[in-house]
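Q: model the following, please.
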Amino acid sequence: MKRTFTLLLLAALFFPSCTAYVHFDAIQPAYVNIPVQYKKILLINRTRPDAKRSIDKLENVLTGEWGKQDSKASFRCLDGLSQNLQSSLKNYQTMVLKDTNLAGTGNMIFPPAMPPRFIDSVCAKYGADIAIVLEAFDTDVISKANGAPVLLSPLPLLNPLAGPTFTLFSRVKAGFRIYDPKNNDMIDQFTLSTNYDFARMNIPDQEVLLHLPHALQGVYENGFMCGNDYGYRVAPHMASRTREIYRKGNYQLKMAYRSAVVGKWDDAYAIWQKNITCGKRRAEWHSYYDLAVYYEKTGNLNLAIETAEKGFQLYGRRPLLYYSNILKDMKVEEKRVVEQLPDTLK
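A: Okay, here's the model as predicted:
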């Protein structure tokens, strides 16, 4: 076993991979297709527990101060969503109803959908095109002691920490609905959760246990990130895309790789273009692959697919076929980008 590991280590040192990673920015379309003409979004909080429900009263007793702070954390969640939507490629105008927290379930069970008449009236009142409503929400502070997650409460007797070594993190779960009053439609219903490690705030786990405000701070930060994450589902954004390119086959491929890494893609393109007829089979199909990456990077997906497929026809190398299929998926995403940002690819 040791001999095998040693050989693998030596192979990695003396025979490095013939590919390397490059990164470039591309538009990531939203999963949800909001009508392109909509610009103003109203954000509503509907997570206040129903005081008449006995189960909500029991939860408030067990969770103590953390349960009382769910309302503040839920508004932080809407703040995170608002920031994301405003900074997206759609530059949405958003408004959070800060003074309103409508009665819901107070947990992760979605309440009945809001009446169309209410959505229509509240959107008309604030001049909004659509409403995104936070309708399910829950926060926990969790201890992982000896690998077993345990929900914590401010009440000491309800904190069964097993052993002297444990770590703490907060967990926020949220459920959103998007209402379109003009079409009397619910565009989306989605739940997500995020975890926040208190180590990010440089707060020792023991100190979090002793000082409740530190735990609440982590819950608020996590709530903000949870809402921010949902924004990527709702609005298109610029995202970093990672691709492999080949740097071995001949010296020209090494030069092209170095040019791409420092951002001189046109210089790399000129090298790859000449290298597809260099007479060395390995270098030629590598160059076809790298050319397809260049065309994707510059936004010409049709030519990228054509180049990858031509390389596969000539040399029969599977990586070219796999990459052409990836590019076809990107072509589907490009259609969604055109739908969501019609002026982007004109």
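
Q: the stretch 51-200 of the chain: helices as residue ranges?
A: Secondary structure of the stretch 51-200 of the chain by DSSP state H, counting those that start in this stretch: the helices cover 54-68, 70-87, 116-126.

Q: which of those helices comes out lowest on mean pLDDT?
A: With a mean of 48, helix 54-68 has the lowest mean pLDDT of the helices of the stretch 51-200 of the chain.

Q: where are the low-confidence patches of this protein?
A: Residue ranges of the chain with pLDDT under 70: 1-17, 51-68, 143-168, 198-215, 344-346.

Q: can you rerun that using 80?
A: Low-confidence segments of the chain (pLDDT under 80): 1-18, 50-70, 141-169, 196-218, 343-346.

Q: secondary structure element for the residue in it sticking out farthest from the centre, which one?
A: When distances to the mean C-alpha position of the chain are computed (C-alpha atoms, centre = their mean), the maximum falls on Gly279, with 44.1 Å. Following DSSP states H and E, one finds Gly279 outside all helices and strands.

Q: for it, phi and psi?
A: phi 100, psi -10 (degrees, to the nearest 10).

Q: now it: how far from Leu102?
A: Distance, Gly279 to Leu102, by C-beta to C-beta, to the nearest Å: 72 Å. Glycine gets a C-beta too; all of them are placed from N, C-alpha and C.

Q: Ile130 too?
A: 17 Å.

Q: looking at the two, which one has more neighbours?
A: Ile130 (23 against 17; other C-beta atoms under 10 Å).

Q: ok, that one - contacts?
A: Counting by C-beta atoms under 8 Å, 6 or more residues apart in numbering, Ile130 touches Ile34, Tyr38, Ile41, Leu42, Cys123, Ile178, Tyr179, Asp180, Pro181, Ile187.

Q: and those residues, which of them are buried?
A: When neighbours are counted using 16 or more other C-beta atoms under 10 Å, the contacts of Ile130 contain these buried positions: Ile34, Ile41, Leu42, Cys123, Ile178, Tyr179, Asp180, Pro181, Ile187.

Q: how near is the fifth one to Val36?
A: The spacing between Ile178 and Val36, counted by C-beta to C-beta, is 15 Å.

Q: one more: the fourth one?
A: Distance, Cys123 to Val36, by C-beta to C-beta: 18 Å.

Q: can I get the strand or helix carrying Val22 as PDB, trimmed to CA atoms?
A: Here Val22, judged by DSSP H and E, is contained in strand 19-28. Taking C-alpha atoms only, strand 19-28 is exported to PDB below (Å, rounded to 0.1, in the frame of the first residue of the first chain):
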ATOM      1  CA  THR A  19      -4.800  20.200 -18.500                       C
ATOM      2  CA  ALA A  20      -5.200  23.300 -16.400                       C
ATOM      3  CA  TYR A  21      -8.100  25.400 -15.200                       C
ATOM      4  CA  VAL A  22      -9.000  28.800 -16.500                       C
ATOM      5  CA  HIS A  23     -11.800  31.100 -15.300                       C
ATOM      6  CA  PHE A  24     -14.000  33.700 -17.000                       C
ATOM      7  CA  ASP A  25     -17.200  35.500 -16.200                       C
ATOM      8  CA  ALA A  26     -20.500  34.600 -17.800                       C
ATOM      9  CA  ILE A  27     -24.200  35.400 -17.300                       C
ATOM     10  CA  GLN A  28     -26.000  32.900 -15.100                       C
END
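
Q: buried ones in the following helix or strand past that strand?
A: Where DSSP H and E defines the elements, the next helix or strand beyond strand 19-28 is strand 40-48. By 16+ other C-beta under 10 Å, the buried positions in strand 40-48 come out as Ile41, Leu42, Leu43, Ile44, Asn45, Arg46, Thr47, Arg48.

Q: for the closest residue to the second one other than its chain neighbours, what are its contacts?
A: For Leu42, the nearest residue in space outside its immediate sequence neighbours is Ala128; the separation is 3.7 Å by C-beta to C-beta, 6 or more residues apart in numbering. Taking C-beta under 8 Å, 6+ apart as the criterion, Ala128 is in contact with Lys40, Ile41, Leu42, Met95, Val122.

Q: surely the last one touches Leu43?
A: No - taking contacts as C-beta atoms under 8 Å, Val122 lies outside contact range of Leu43: 11.3 Å.

Q: pull up the overlap in contacts between those two.
A: Ala131.

Q: helices or strands up against the helix or strand Leu216 falls within?
A: Remark: Leu216 resides in helix 212-234, with elements defined by DSSP H and E. Judged by 3 or more C-beta pairs under 8 Å, 6 or more residues apart in numbering; DSSP states H and E, helix 212-234 is in contact with helix 54-68, helix 70-87, strand 130-145, strand 166-180, strand 185-197, helix 205-210.
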